[in-house]
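sequence plus predicted model, see below.
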Amino acid sequence: MYYDVSNTHGGKLLTHAEFVKADDVRTIVEVWNDVFMQYEKKDGTIIGPLPKPSVDTGAGLERLAMTLQGVDNIYDTDLLKPVMGVINTSASIDIIRAKRIIADHIRASIFLAADGVSPSNTDRGYVLRKLIRRAARYAKEIGISKLSILIDPIVETYEGLYGLQHAKESITQILIDEVIKFETAVSEGLKKIEKILEKKVPVDSGKFLALMEASSPLLRISCDNRRNGKPYAIDQVSLTESEIDAALITGKEAFDIYQTYGLPIEIIREMARERRLLIDGGGYRIQLDAHQSLSRAGAEQKFKGGLADANDPMVVRYHTATHLLHQALHDVLGENEGNQKGSNITAERLRFDFTGAKLTEDQKKRIEDIVNEKITAALPMNSVLLPREEAEKTGARHFFGEKYGDQISIYFTGDDLRTAYSKEFCGGPHVKNTQELAGPEGKWKFKIQKEEASSQGVRRIKAVLE
């Protein structure tokens, strides 16, 4: 369902050609989608009508707001207009695409940071880091010196719905720190890529111009052949293998710069074009996909509890100790800090990542005392299986954003779920009684061996039972 957001067509019917053109120039915009499901398809062939035909419908909230408020884009709605106003006032260069990217990315960053996410190189932290750094890149391009000036208009716009005011101070600090890190990394990354570029041989200017004007898949096909050990060249522009080799920034070189310094591929590509050099974009994509696969694998282990061997009695002990530690952190630091960001458990120790500042010696001692008190109290470990909606009402701790099933397993410390000392969404396994953490002779104590920084806004505890 398309709407004439420009009010230029006067309600008249459009020919197919007129419709396509109007869609291309966005004088009409799709605001709603209807799918009429009537036939059953099997192996690519329609085999007959559906027993129950239906209509699937969905509307875009921001596009509906745009339509109802009589504007032709979502950035002029009351959802984004306040922050766009600050961007327009602060920018010295008028690049509308850059301004909209900044508004979109900063809004998303604020919501992530308010939910306890901190910039890092993995998982949700990786997403936040990428959003902030891309916003910072475009802010620099249009002359905005401080991204933090965009926090107030967004917090004020959404405060009534999401209560962002409580996290405003931490959001501001995250934004400031990450931009400083990005600027430092970019400076170092530019020096590194300059050294790489110096070793390359530019393509002849005439050939390079012809290549840029030709279809982009030409180079990609050549690079694919190169990776597969096949002969390659770009005959259409008389570019030979040796010329490509001499001018090519490999996928690994580009990815290493991005991964180490956070320098976006777009910047690397622009620098290459200025020097008439080439980039193996497909090779870069392969490197990036491999990195993301490793990150997903790490996340899967984290959400399973980070257990090295669920059959090892010591691993099981440390798993239960991790639950006690998690709750003890909240007891000492409060509900807004101490949130779990990851864990890794072996038969020798537990490792626990959490949100918060560096612990004082007094805080570490209090956390140890609480955990040891629960061990001495010989509390039973119990579990219950509940429908997801009911499980979420219990207040049991769990990872924000993780996809859980319809039935949730909750492990809790104590006799009753309502009064339990700790309770978390967890698949187990755990000891039957916290007293088992004291060892066969009942002499072991929970001890924090080390507490250190893990990433921006995230601390790491390493602890043992001995």
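Great, that's in hand.

R459 against L359, yeah?
Yes - applying Cβ atoms under 8 Å, one finds R459 in contact with L359, separated by 7.0 Å. Yep, even glycine has a C-beta here, placed from its N, CA and C like the rest.

okay, helices next: where are they in the stretch 151-300 of the chain?
Listed in chain order, the helices of the stretch 151-300 of the chain (DSSP state H, counting those that start in this stretch) span 151-162, 168-198, 205-213, 217-227, 241-247, 251-261, 265-274, 281-303.

how about the CA coordinates for the helix or strand that the last one is followed by, as PDB?
Going back to what we said before, that points to helix 281-303. Proceeding N to C from helix 281-303, the next assigned helix or strand is helix 313-333, under DSSP states H and E. The C-alpha trace of helix 313-333 is given here as PDB (Å, rounded to 0.1, in the frame of the first residue of the first chain):
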ATOM      1  CA  PRO A 313      32.100 -32.400  39.200                       C
ATOM      2  CA  MET A 314      34.300 -29.400  39.600                       C
ATOM      3  CA  VAL A 315      32.800 -27.700  36.500                       C
ATOM      4  CA  VAL A 316      29.400 -28.300  38.000                       C
ATOM      5  CA  ARG A 317      30.500 -26.700  41.400                       C
ATOM      6  CA  TYR A 318      31.900 -23.700  39.600                       C
ATOM      7  CA  HIS A 319      28.700 -23.300  37.600                       C
ATOM      8  CA  THR A 320      26.700 -23.100  40.900                       C
ATOM      9  CA  ALA A 321      29.300 -20.700  42.400                       C
ATOM     10  CA  THR A 322      28.900 -18.500  39.300                       C
ATOM     11  CA  HIS A 323      25.200 -18.100  40.100                       C
ATOM     12  CA  LEU A 324      26.000 -17.200  43.700                       C
ATOM     13  CA  LEU A 325      28.600 -14.700  42.500                       C
ATOM     14  CA  HIS A 326      26.200 -13.100  40.100                       C
ATOM     15  CA  GLN A 327      23.700 -12.400  42.800                       C
ATOM     16  CA  ALA A 328      26.300 -11.300  45.300                       C
ATOM     17  CA  LEU A 329      27.600  -8.700  42.800                       C
ATOM     18  CA  HIS A 330      24.100  -7.200  42.700                       C
ATOM     19  CA  ASP A 331      23.800  -7.300  46.500                       C
ATOM     20  CA  VAL A 332      27.000  -5.200  46.700                       C
ATOM     21  CA  LEU A 333      26.800  -3.100  43.600                       C
END
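
mind listing what's buried along helix 313-333?
By neighbour count on 16 or more other Cβ atoms under 10 Å, the buried set for helix 313-333 is 314-333.

packing partners of it?
The helices and strands touching helix 313-333, judged by 3 or more Cβ pairs under 8 Å, 6 or more residues apart in numbering; DSSP states H and E, are strand 340-345, strand 350-355, helix 361-376, strand 407-413, strand 446-455, strand 458-465.

could you give the angle of it to strand 340-345?
Helix 313-333 runs at 150 degrees relative to strand 340-345, counting by axes from the mean of the first three to the mean of the last three Cα atoms, to 10 degrees.

so what angle separates the directions of helix 313-333 and strand 407-413?
Orientation check (the same axes, to 10 degrees): helix 313-333 against strand 407-413 gives 80 degrees.

follow-up on the earlier one: and of the helices and strands packed on helix 313-333, who's closest to I267?
With Cβ to Cβ as the criterion, I267 lies closest to strand 446-455 of those, at 23.5 Å.

export the closest one as CSV, just CAs?
Coordinates of the C-alpha atoms in strand 446-455 are reproduced here as CSV (Å, rounded to 0.1, in the frame of the first residue of the first chain):
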residue,chain,number,x,y,z
PHE,A,446,35.3,-19.1,47.6
LYS,A,447,38.2,-16.7,46.7
ILE,A,448,38.5,-14.0,44.1
GLN,A,449,41.9,-14.4,42.6
LYS,A,450,41.8,-11.5,40.2
GLU,A,451,39.5,-8.6,39.1
GLU,A,452,40.4,-6.7,36.0
ALA,A,453,39.1,-4.8,33.0
SER,A,454,37.7,-7.0,30.2
SER,A,455,36.4,-4.3,27.8
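
check which helices and strands it sits against.
Against strand 446-455 (3+ Cβ pairs under 8 Å, 6+ apart) you get helix 313-333, helix 361-376, strand 458-465.

closest one to S90 among these?
Proximity to S90 (Cβ to Cβ) singles out strand 458-465 among the helices and strands packed on strand 446-455, at 30.8 Å.

packing partners for that closest one?
Strand 458-465 packs on helix 313-333, strand 350-355, strand 446-455, going by 3+ Cβ pairs under 8 Å, 6+ apart.

if we go to 10 Å?
Judged by 3 or more Cβ pairs under 10 Å, 6 or more residues apart in numbering; DSSP states H and E, strand 458-465 is in contact with helix 313-333, strand 340-345, strand 350-355, helix 361-376, strand 446-455.

confidence-wise, which of those is weakest overall?
Mean pLDDT across these is lowest at strand 340-345; the value there is a mean of 86.

kindly export it (C-alpha atoms) in CSV.
Extracted as CSV, the C-alpha positions of strand 340-345 are listed here (Å, rounded to 0.1, in the frame of the first residue of the first chain):
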residue,chain,number,x,y,z
GLN,A,340,26.4,-10.7,33.5
LYS,A,341,28.2,-10.1,30.2
GLY,A,342,29.7,-13.6,29.8
SER,A,343,31.3,-16.5,31.6
ASN,A,344,33.8,-19.3,31.1
ILE,A,345,34.0,-22.2,33.5
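
biggest strand in this protein by residues?
Scanning the chain for the longest strand, with DSSP state E as the assignment, gives strand 45-59.

return the set of buried residues in it.
So for strand 45-59, nothing qualifies as buried (16+ other Cβ under 10 Å).

need the residues that contact it.
With contacts defined as Cβ atoms under 10 Å, 6 or more residues apart in numbering, strand 45-59 is touched by 1, 30-42, 67.
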